[in-house]
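**Student:** A predicted structure for the sequence below; I have some questions about it.
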Amino acid sequence: MTLNQYIRDVQDFPKPGVMFKDITPLLGNPQAVKECMALLINNLRDKKIDKVVGAESRGFFFATLLAYELSAGFVPVRKPNKLPFDKISATYELEYGTDVLEMHIDAIKPGDRILIHDDVLATGGTAKAVCELVEQLGGIIVQCNFLMELSFLNGRKKLNGYDVYAPLVY
C-alpha cells in the first residue's frame, strides 16, 4: 500500500496559490490508517514517551492514537481561548501574520519525555511554537513527528536540533 494515494491535493485552499494536502481520504480508510500508524510507531519503538502532544486540530487525529499505542498521555495544544484551565502561550509567525497556541500549565511535568505530533510539517512555525511550550514546562522533546513534510517550505530548519520524522515527504 502506498499512503500517497490517500492524500488528496486541493488547489487554492485555503487561499489562492496554495495546494492543500487533504488527509481525509486517508482517515476514511481503516487500512491506510493502520499502515500510517505502523510507520509512525515503528519509528518510536525504542523510545520512552510519557506524553504525546498534538497540535490543533488535524494533529489530534494521530496524536491520540499514538498516545494509546505508546501507553502515554495525550496533551492538546490549542488555539486561544479553547482550553478551560490556566495556560501558557506561544506566538508564532504565519505567511500572512502571527498566531498563538496554548497549553495547560499542568499538562507536562519537568522531565516528561515528549513526542510532538502534527499532520504536516510546512514552514515549521507551529511545531517550533509547540516545542517552546513543551520546553517552558520542562519537558524533554524526544521527537517531532508528522504524517507528511512539505520539504520545499524548509520547515525542518526551524526545528534544527530536534529529531524530526515524517514518513511522507513532498
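**Tutor:** The structure has been received and is ready for your questions.

**Student:** All the strands of this protein, in order from the start?
**Tutor:** Taking DSSP state E to define them, one finds strands in the chain at 8-11, 19-22, 51-55, 73-77, 87-94, 97-104, 113-121, 140-149, 164-165, 168-169.

**Student:** can you list the ones you listed in a markdown table and add mean pLDDT and mean neighbour count?
**Tutor:** Where C-beta positions appear, they are placed from N, C-alpha and C, glycine not excepted. Shown next, in a markdown table, are the strands of the chain (pLDDT from 0 to 100; neighbours: other CB atoms under 10 Å):
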| stretch | mean pLDDT | mean neighbour count |
| --- | --- | --- |
| strand 8-11 | 97 | 11 |
| strand 19-22 | 94 | 15 |
| strand 51-55 | 98 | 26 |
| strand 73-77 | 98 | 21 |
| strand 87-94 | 92 | 16 |
| strand 97-104 | 94 | 16 |
| strand 113-121 | 97 | 24 |
| strand 140-149 | 98 | 22 |
| strand 164-165 | 98 | 18 |
| strand 168-169 | 96 | 16 |
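
**Student:** Rebuild those strands as JSON lines, extending it with distance to residue 34.
**Tutor:** Output for these, formatted as JSON lines (distance: least, CB to CB, whole Å):
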{"stretch": "strand 8-11", "distance to residue 34": "19"}
{"stretch": "strand 19-22", "distance to residue 34": "19"}
{"stretch": "strand 51-55", "distance to residue 34": "18"}
{"stretch": "strand 73-77", "distance to residue 34": "19"}
{"stretch": "strand 87-94", "distance to residue 34": "32"}
{"stretch": "strand 97-104", "distance to residue 34": "29"}
{"stretch": "strand 113-121", "distance to residue 34": "17"}
{"stretch": "strand 140-149", "distance to residue 34": "14"}
{"stretch": "strand 164-165", "distance to residue 34": "18"}
{"stretch": "strand 168-169", "distance to residue 34": "15"}
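
**Student:** out of these, nearest to residue 66?
**Tutor:** Closest approach to residue 66 among those is made by strand 51-55 (4.9 Å; CB to CB).

**Student:** what angle separates that closest one from strand 73-77?
**Tutor:** 30 degrees (axes from the mean of the first three to the mean of the last three CA atoms, to 10 degrees).

**Student:** so strand 51-55 versus strand 113-121, what angle?
**Tutor:** 30 degrees.

**Student:** Report the strands that pair with strand 51-55, each with its relative direction.
**Tutor:** Using DSSP bridges, the strands paired with strand 51-55 are strand 73-77 (parallel), strand 113-121 (parallel).

**Student:** wait, which of these is closest to residue 48?
**Tutor:** Once those are compared by CB to CB, strand 113-121 is nearest, at 5.4 Å.

**Student:** The closest one: how far from the chain's middle?
**Tutor:** What separates the centre of strand 113-121 from the centre of its chain is 3 Å, taken as CA atoms, centre = their mean, to the nearest Å.
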